[in-house]
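Novice: pasting the sequence and the predicted coordinates here, then a few questions.
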Amino acid sequence: MRSAIVDGDSAPVDLPLLEVGDNAPDFALLDSQFGERSLAASHGKRRVLITAPSVDVDGIAATTQAISDLLDAADIEFLVVSRDLPFTLRRFAAAVASTNCQALSAFRDDTFGRDYGVAITDGRHSGLLAESLFVIDENETLTHVQFADPSLDLNALGASLGLNRREDS
């Protein structure tokens, strides 16, 4: 059984994780205005999708900003998925102030967490999503998967997307 760390606690994730080469399952998630978004709606585009227990978890805003900066000017859709209410996603979007990031909510249904293998399945954080990162190509095929690893390697992510990471001056 895999586990994720949430608020310092080990949280079990007893579901199969998607792997590189798998087809990314479609989903029906809500944006900050309660509008429905699906993976199929962006068919033909590359996507970076990160999941989190909440957008309020330490480090998620910084990770989101770092990925947003990496993807700046690239034609790659960037999605952040949590079980937060859409109201919370509005506050998060304003705080991160990223033009290329779309925060989405899976609060109405646990299908997304099960399908992507990131639903925390037991304990006090049951029902939340474990931190993970997926890169999805134009044909809905997974090209990069990272589960519950707090050390995001932006160079590896950039390389998987064919991007050169810009170094700060």
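Specialist: Structure received. Numbers count the residues shown, from 1 in each chain.
Novice: any idea which residue is closest to the centre of the chain?
Specialist: Most central in the chain under C-alpha atoms, centre = their mean is Ile50, positioned 1.4 Å from the mean C-alpha point.
Novice: contacting residues around that one?
Specialist: Counting by C-beta atoms under 8 Å, 6 or more residues apart in numbering, Ile50 makes contact with Thr63, Thr64, Ile67, Leu79, Val80, Val81, Glu131, Ser132, Leu133, Phe134. Just so you know, the C-beta spots here come from the backbone N, C-alpha and C atoms, and that holds for glycine as well.
Novice: same question, Arg37
Specialist: Phe27, Ala28, Leu29, Leu30, Asp31, Gln102, Leu104.
Novice: hmm, try it at 7 Å
Specialist: Leu29, Asp31, Leu104 (C-beta atoms under 7 Å, 6 or more residues apart in numbering).
Novice: gap between it and Asp153?
Specialist: Shown here: Arg37 relative to Asp153, a distance of 27 Å by C-beta to C-beta, to the nearest Å.
Novice: repeat that for Phe27.
Specialist: Phe27 sits 26 Å away from Asp153, going by C-beta to C-beta.
Novice: okay, the two: which has more neighbours?
Specialist: Neighbour comparison, Phe27 and Asp153: the larger count goes to Phe27, with 21 against 13 (by other C-beta atoms under 10 Å).
Novice: neighbours around the nearest residue to the more buried one once chain neighbours are set aside, how many?
Specialist: Distances taken as C-beta to C-beta, 6 or more residues apart in numbering put Phe112 closest to Phe27, at 4.8 Å, once the chain neighbours are dropped. Phe112 is flanked by 23 other residues according to other C-beta under 10 Å.
Novice: Phe112 reaches Leu104, doesn't it?
Specialist: No - the pair Phe112 / Leu104 is not scored as a contact, 8.9 Å apart, by C-beta atoms under 7 Å.
Novice: common neighbours of these two, please.
Specialist: In contact with both Phe112 and Leu104: Leu29, Val81, using C-beta under 7 Å, 6+ apart.
Novice: now the helices for the chain?
Specialist: Per DSSP state H, the chain carries helices over the ranges 60-71, 86-96, 111-116, 154-160.
Novice: for those, give me TSV that also has distance to Arg2 and mean pLDDT.
Specialist: Formatted as TSV, the helices of the chain follow (distance: least, C-beta to C-beta, whole Å; pLDDT from 0 to 100):
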stretch	distance to Arg2	mean pLDDT
helix 60-71	20	88
helix 86-96	26	90
helix 111-116	13	94
helix 154-160	20	82
